[in-house]
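Chemist: For reference, the sequence and a predicted model appear below.
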Amino acid sequence: MKSKEEPWPNFRFNIQELAGAVGDYGTLFPIVLGVAVVTEMNLAHILLFFSIWYIFTGLYYKKPVPVEPMKAIGAIVIAGQFTQAEIAATGVVLGIFFLIIGFLGGMKFIEDKIPQSIIRGVQLGLALILVETSLNFLKTDYLISVISIGIILLFFAAKQFKKIPDVSSLLVLVLGFGIGVAISGFPSIQMIQAPSISIPAFRDFVTGTYLLAIPQIPLTVTNSILATSLLMGDLFKKKLDPDELSKTVGFMNLLSTPFGGFPMCHGSGGLAAQYRYGARTGGSNILSGLILLLIASVFASAAFIDILPQAIFGALLVFVAVELGKHSFKTKSYLITGIVAVLSLLVNITAGFFVGLGTYYLLRRLNKDK
C-alpha cells in the first residue's frame, strides 16, 4: 500500500528533493568552470549535456544517481593545456570502453576480483580529497564559511528533534548568489547557441587516450561504478547493477563529448551529497537537470558561476565528505582500506587502488602459504 506521504515513490518533487538536487553542485561547478576558463569549451554546452543526462538518469534509475564531471580528467585539463578535440576524443574512447564492458557483463567480473575493502578505501580516499578541497575553498572567506557551515549545522540539529526538510544547501547557494550579486552585480545574460559536432583527428585520440583516458579509467571503475553501486545498497538497501552504470557512463560520453560536452560519470561522492541534502527519488535528478538547463539556456556566461563565493562550495563539500567517509568504515580490512585511502590522498586514487589491490593479494597469498 502506498504511503499518504509518498503517493509516487519513484518521483517526488518537493522541497527535500530540491535541496538534494543541488547537493552535488559543490563538485560540479568548480570543475566545469575551471575547464571552461582554461579551454575553448563552451560552459553552456557543458551544462546542457549535464542537464540532459541528469534528467535521463532520474527517469531511468528512479533514484538520485549522480552525474558528475570525470575528476581525474578535470584536474589534468585544468592543470595543463588541452584542446576541445582532445577532450572529445577522450570521451569517445571512454564511451566505447565502458559500453563494451557493460554489455559484456565485465563489471560483475571486475567486482568479483576487487575486494570490498578496496572500494571502501576509494570511498575514504575520495572523502579525504574532498576535505582537502573544501579547506582550500573555506579559507578564501572565513566569515562566509562560518555562516554557511552554521546554516548546515542548524538544519542538522533541527532534524534530530523535528521532521523538517533539510534545505540548507539551497539556503547556502542563495546566500552565495546574493553576496555575489551585491559585490559584482547581476551576471550578464547570454542565450545558448546550438552545439556543433567536433571531429577529433587521430593525434587527438592518441593524446586523449594516453594523457586523459588511462588515468581516469581506474577511478571511474572504482568510484563511479563499483563504489556507487555499493553505496546505493548502503543507502537504499538495494545495489544498482554495476554493468548498467557502466552502460550509462558509456552512452553519456559517446553521445555528448563530440558535441561539446565534458566527460561524465556517476560517483559515490555525488550520491552521498545528494542523499545528505535530501534526495531520495529520481525526482531529485529531474529537478537538478531542469535547474542546469535553465542556467545553460539563459545564464551561460562563466561570470554567472564565478560570482558565487568559493567558501560556500567548501561548506557543502565538508558535509559531503562526512556522508561519504562514514560508509567507508564498513570495511572487512582496515589495513587495506587505510592503504588505499592514504595513497589516494597523498599520490592519487589510481596509485592507491593498484597498491591496495597488490597488497591484498600478497597478504592472501602469504596467509595461504602458512
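Modeler: Sure thing, it's come through.

Chemist: Please state the mean pLDDT value computed over stretch 336-348.
Modeler: In this model, stretch 336-348 has a mean pLDDT of 91.

Chemist: before we move on, what about stretch 166-174?
Modeler: Computed over stretch 166-174, the average pLDDT equals 84.

Chemist: got the contact list for that stretch?
Modeler: With C-beta atoms under 8 Å, 6 or more residues apart in numbering as the test, stretch 166-174 has contacts from 15-16, 18-20, 22-23, 25, 148, 151-152, 154-156, 159, 277-278, 308, 312, 315-316. Every C-beta, even on glycine, is put in place using the N, C-alpha and C of the backbone.

Chemist: what's the spacing between that stretch and its chain's center?
Modeler: Relative to its parent chain, stretch 166-174 has a centroid offset of 19 Å by C-alpha atoms, centre = their mean, to the nearest Å.

Chemist: Pull out the buried residues from it.
Modeler: Neighbour counts using 16 or more other C-beta atoms under 10 Å place 166, 167, 168, 169, 170, 171, 172, 173 of stretch 166-174 among the buried residues.

Chemist: circling back to that earlier point, buried members of the contacts of stretch 166-174 into PyMOL, please.
Modeler: Applying 16+ other C-beta under 10 Å to the contacts of stretch 166-174, the buried members can be selected in PyMOL as follows:
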select buried, resi 16+18+19+20+22+23+25+148+151+152+155+277+278+308+312+315+316
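
Chemist: most centrally placed residue in this protein?
Modeler: For the chain, the residue sitting closest to the mean C-alpha position, by C-alpha atoms, centre = their mean, is residue 68 at 3.6 Å.

Chemist: which residues does it bridge with?
Modeler: Legend: beta-bridge partners of residue 68 under DSSP bridges are residue 265.

Chemist: which residues in the stretch 251-370 of the chain form helices?
Modeler: In the stretch 251-370 of the chain, the helices defined using DSSP state H, counting those that start in this stretch lie at 268-276, 282-298, 302-306, 310-327, 334-346, 349-369.

Chemist: Pick out the shakiest of those, pLDDT-wise.
Modeler: helix 302-306 (a mean of 76).

Chemist: distance between the helix-or-strand element of the chain with minimal mean pLDDT and the chain's centre?
Modeler: The helix or strand of the chain with the poorest confidence is helix 302-306; it has a mean of 76 (mean pLDDT, DSSP states H and E). Centre-to-centre, helix 302-306 and its host chain are 20 Å apart (C-alpha atoms, centre = their mean).

Chemist: Contacts for the helix or strand hosting residue 205, please.
Modeler: Using DSSP states H and E, residue 205 sits in helix 202-208. Contact with helix 202-208 is made by 82, 83, 85, 86, 87, 88, 89, 90, 92, 93, 200, as judged by C-beta under 8 Å, 6+ apart.
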